[in-house]
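*Asks:* Provided below for reference: sequence and predicted model.
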Amino acid sequence: MEGSTLAGPAAYDRAASDLLRTLAGELEQAVPRRRARKRMLDVALASTLLLVLAPVLFLIALAVVIESPGPVFYRARRVGWRGKPLHMLKFRKMVPEARGGRLTVDGDLRLTRVGAVLSKTRLDELPQLLHVLRGDMSFVGPRPEDPDFVAARADDYAEILTARPGLTGLSQLAFAKEQVILHADEPERDYLDRIFPQKCGLDRLYVRNAEEAACYKMPLAQSRPAASGTSTEVTQN
């Protein structure tokens with residue numbers, strides 16, 4: 001009797017250990033497969049959209065240079081996937097040699113007329129389809145942030161940067177009218193103290209719980225609030 005009593009727990013422990021190893025192996029194989037499928041979707045969608053939207057991209061570029069002299073594009077300094085530097089491509093929205101704070105606020109005087117429309121409709125982000133095609137970004141994921149802002153919440157970004165940054169994500173949907181709700185007198189302090197911690201929490205939630213099928217519903221939801229406002233981006237200053 002004593003032998004069988006001892007054998008029961010030992011057998012249970014061995015079975016549990018075997019089960020955990022099996023589950024761990026399945027997870028190790030499932031994650032790369034899911035990432036590979038997501039990457040294939042990114043490439044297919046980015047390629048298709050770049051072809052379909054080529055006339056729109058050309059017209060926007062033309063409007064930018066007709067209204068104000070200067071480059072068509074602007075590269076925003078960001079922190080990318082796994083902490084790599086990312087020079088994120090955008091259509092230029094501001095007057096040449098614009099100066100001022102790093103955040104764009106509602107009614108920002110540095111914006112050109114074309115730039116104000118691009119900022120409101122988010123069309124300035126369309127060149128980032130090239131980043132998606134190259135693998136620097138995904139359609140859905142945490143929005144890449146300025147290096148100084150990332151350094152301010154390094155613990156959060158140790159987790160957030162494990163995911164490929166996206167054209168849109170949970171935090172951007174939640175703060176679609178961010179330019180409007182920022183305090184215009186001290187926008188950067190307001191952003192860091194009040195808004196940025198909430199965005200980090202949402203981005204960490206995405207990293208922990210994102211599912212492939214749910215991810216590609218976000219761009220559809222993104223189009224609804226875009227007409228009334230847009231989330232704040234660090235500007236070209």
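*Replies:* That came through, no problem.
*Asks:* burial of residue 189, as a residue count?
*Replies:* 11 (other Cβ atoms under 10 Å). Quick note: C-beta positions are derived from backbone N, CA and C, even for glycine.
*Asks:* show me what contacts it?
*Replies:* For residue 189, the contact set (Cβ atoms under 8 Å, 6 or more residues apart in numbering) comprises residue 183.
*Asks:* can you tell me the element it falls in?
*Replies:* Using DSSP states H and E, the element containing residue 189 is helix 187-190.
*Asks:* now do the following helix or strand past that helix: everything it contacts.
*Replies:* Once helix 187-190 ends, the next helix or strand along the chain (criterion: DSSP H and E) is helix 196-209. Helix 196-209 is contacted by residues 141-143, 149, 152-153, 156-157, 159-160, 162-163, 169-171, 174-175 when judged by Cβ under 8 Å, 6+ apart.
*Asks:* now these: which count as buried?
*Replies:* 141-143, 149, 153, 156-157, 160, 163, 169-171, 174-175 (16 or more other Cβ atoms under 10 Å).
*Asks:* I'd like to know which helix or strand in this protein has the lowest mean pLDDT.
*Replies:* Across the helices and strands of the chain, the lowest-confidence element by mean pLDDT, DSSP states H and E is helix 212-215, at a mean of 47.
*Asks:* shouldn't residue 105 be in contact with residue 185?
*Replies:* No. Using Cβ atoms under 8 Å, residue 105 makes no contact with residue 185, being 9.6 Å away.
*Asks:* who's more crowded, these two?
*Replies:* Neighbours around residue 105 and residue 185, counted as other Cβ under 10 Å, are more numerous at residue 105. The numbers are 24 against 8.
*Asks:* the strands in this protein, which residues?
*Replies:* Listed in chain order, the strands of the chain (DSSP state E) span 73-79, 85-91, 138-140, 166-168.
*Asks:* quick one: the helices in the chain?
*Replies:* Ranges of helices in the chain, per DSSP state H, are 2-52, 54-67, 113-121, 129-134, 147-152, 154-160, 170-174, 178-181, 187-190, 196-209, 212-215, 218-226.
*Asks:* quick one: contacts for the residue nearest the centre of the chain?
*Replies:* The centre of the chain sits closest to residue 143, judged by Cα atoms, centre = their mean, with a distance of 2.2 Å. By Cβ under 8 Å, 6+ apart, residue 143 lies in contact with 165-166, 168-169, 171-172, 199, 203, 231.
*Asks:* could you dump the residues you listed into CSV and include distance to residue 116?
*Replies:* Shown next, in CSV, are these (distance: Cβ to Cβ, whole Å):
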residue, distance to residue 116
165, 25
166, 24
168, 21
169, 24
171, 23
172, 19
199, 23
203, 27
231, 15
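*Asks:* including pLDDT and distance to residue 134, could those residues go into JSON lines?
*Replies:* Formatted as JSON lines, these follow (pLDDT from 0 to 100; distance: Cβ to Cβ, whole Å):
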{"residue": "165", "pLDDT": "95", "distance to residue 134": "12"}
{"residue": "166", "pLDDT": "95", "distance to residue 134": "14"}
{"residue": "168", "pLDDT": "90", "distance to residue 134": "18"}
{"residue": "169", "pLDDT": "88", "distance to residue 134": "19"}
{"residue": "171", "pLDDT": "88", "distance to residue 134": "23"}
{"residue": "172", "pLDDT": "85", "distance to residue 134": "21"}
{"residue": "199", "pLDDT": "95", "distance to residue 134": "25"}
{"residue": "203", "pLDDT": "95", "distance to residue 134": "22"}
{"residue": "231", "pLDDT": "41", "distance to residue 134": "23"}
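*Asks:* closest one of those to residue 41?
*Replies:* Taking Cβ to Cβ as the measure, residue 166 is the one of those closest to residue 41, at 12.3 Å.
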